[in-house]
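Colleague: below are the sequence and a predicted model; questions follow.
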Amino acid sequence: MHRDTMCDLYLRLSLDRDGKTAIERQEADCRLWVESSELTVREVHVDRGRSGYKTVARGGFDAALAAVTAGVVGTLVVWKLDRLSRKGIGQVGKVLDDIEKAGGRLVSVVDAIDTSDSSGRKAVATLAELAWSESKNLGARVGHAKRYLRSKGRWIGGQPPYGLLVAPETKKLIHDPELAVYARLIADEALAGTSLVKIARLLNEHEIPSPRGGQWNAASIMQLLRSPA
């Protein structure tokens, strides 16, 4: 098959939760567009649980871009432009340049953008900056909310530290009636200068289970002592 009759799909989702746009829905919508355009899907590249805003490795993104810039396929299809990237025109502009140099095109199904059209590049620039701005503002709001909750003593999620529990009503950390005494023992021994190895041995000799239910060791003691909470 000629490259102009083939395309690759790139699908991404930061968090796969109920109410979010699932990878499966993205693929279904993209395939409908491909079928209507009389193209053939060569490969589907997926980055599940990967941010388009943060600097993280995205194997699917790299493979999809490599396929179109190397001329393996003529078209790269995404469900929406912010699935490709949320880093603004800095990254998206370079991607677009590389695709155009290879004689390819980028298609965003939901945004109705096809960069083979002269107006497509301007639309990409606008939407890329909008996606970047949305992610930046969201990050600021989330960070502010977390700082506020911490200032009120609220536990904001995850497994509470050893020896503590999360109170159901206040969401604050409280002492675990069963384990707090052991957490206090560890702290007292460490403050007294006892080595971590000796503390671990003491706990194991008294058959006190570690947070994960196994044996204590110097590393698990150090992790507990370094926990800010």
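Modeller: Great, that's in hand. Numbering: from 1, shown residues only.

Colleague: where in the chain is pLDDT low?
Modeller: 15-21, 51-55, 85-91, 93, 118-153, 157-158, 229 (pLDDT under 70).

Colleague: try 80
Modeller: Residue ranges of the chain with pLDDT under 80: 1-2, 14-21, 50-56, 82-94, 117-160, 168-171, 173, 212-213, 227-229.

Colleague: in it, which spans are helices?
Modeller: 23-36, 59-69, 81-84, 89-101, 120-151, 180-191, 196-205, 218-226 (DSSP state H).

Colleague: apart from its chain neighbours, what residue comes closest to Ile221?
Modeller: Leaving aside its chain neighbours, Ile221 sits nearest to Leu196 (4.5 Å; criterion: CB to CB, 6 or more residues apart in numbering). Where C-beta positions appear, they are placed from N, C-alpha and C, glycine not excepted.

Colleague: does that neighbour touch Gln223 like I think?
Modeller: No - using CB atoms under 8 Å, Leu196 makes no contact with Gln223, being 10.4 Å away.

Colleague: of the two, who's got more company?
Modeller: Leu196 (19 against 13; other CB atoms under 10 Å).

Colleague: any idea how far Val166 is from the more buried one?
Modeller: 27 Å (CB to CB, to the nearest Å).

Colleague: ok, Ile99 touching Ser116?
Modeller: No - in this structure Ile99 lies outside contact range of Ser116 using CB under 8 Å: 10.2 Å.

Colleague: what touches both of the two?
Modeller: Common neighbours of Ile99 and Ser116 are listed as Arg105 (criterion: CB atoms under 8 Å, 6 or more residues apart in numbering).

Colleague: which one of the two is surrounded by more residues?
Modeller: Ile99 (19 against 12).

Colleague: can you name the residues that contact Pro161?
Modeller: Counting by CB under 8 Å, 6+ apart, Pro161 has contacts Leu173, Ala183, Leu224, Ser227, Ala229.

Colleague: wait, I meant Ile221
Modeller: Ile186, Ala190, Leu196, Ile199, Ala200.

Colleague: and those residues, which is closest to Gly71?
Modeller: Leu196 (57.4 Å; CB to CB).

Colleague: for the closest one, give its distance to Arg212.
Modeller: 17 Å.

Colleague: ok, back up a step: let's see if you can find the most crowded of the contacts of Ile221.
Modeller: Ile199 (25 neighbours).

Colleague: what sits against the closest residue to it other than its chain neighbours?
Modeller: Spatial nearest neighbour of Ile199, chain neighbours left out: Glu189 (4.9 Å); criterion: CB to CB, 6+ apart. Taking CB under 8 Å, 6+ apart, we find Glu189 in contact with Lys198, Ile199, Leu202.

Colleague: just to revisit the earlier point, residues in contact with the residue nearest to Ile221?
Modeller: So Leu196 contacts Ala190, Ala218, Ile221, Met222 (CB under 8 Å, 6+ apart).

Colleague: now those as CSV including distance to Leu81?
Modeller: Below are the contacts of Leu196 laid out as CSV (distance: CB to CB, whole Å):
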residue, distance to Leu81
Ala190, 52
Ala218, 49
Ile221, 48
Met222, 45
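
Colleague: of these, which is the nearest to Ser14?
Modeller: For the contacts of Leu196, the residue nearest Ser14 by CB to CB is Met222; the value is 31.9 Å.

Colleague: give me the nearest residue to that closest one, chain neighbours excluded.
Modeller: Leu196 (6.0 Å).

Colleague: any idea how far the one you found is from Ala180?
Modeller: Counting by CB to CB - Leu196 and Ala180 are separated by 20 Å.
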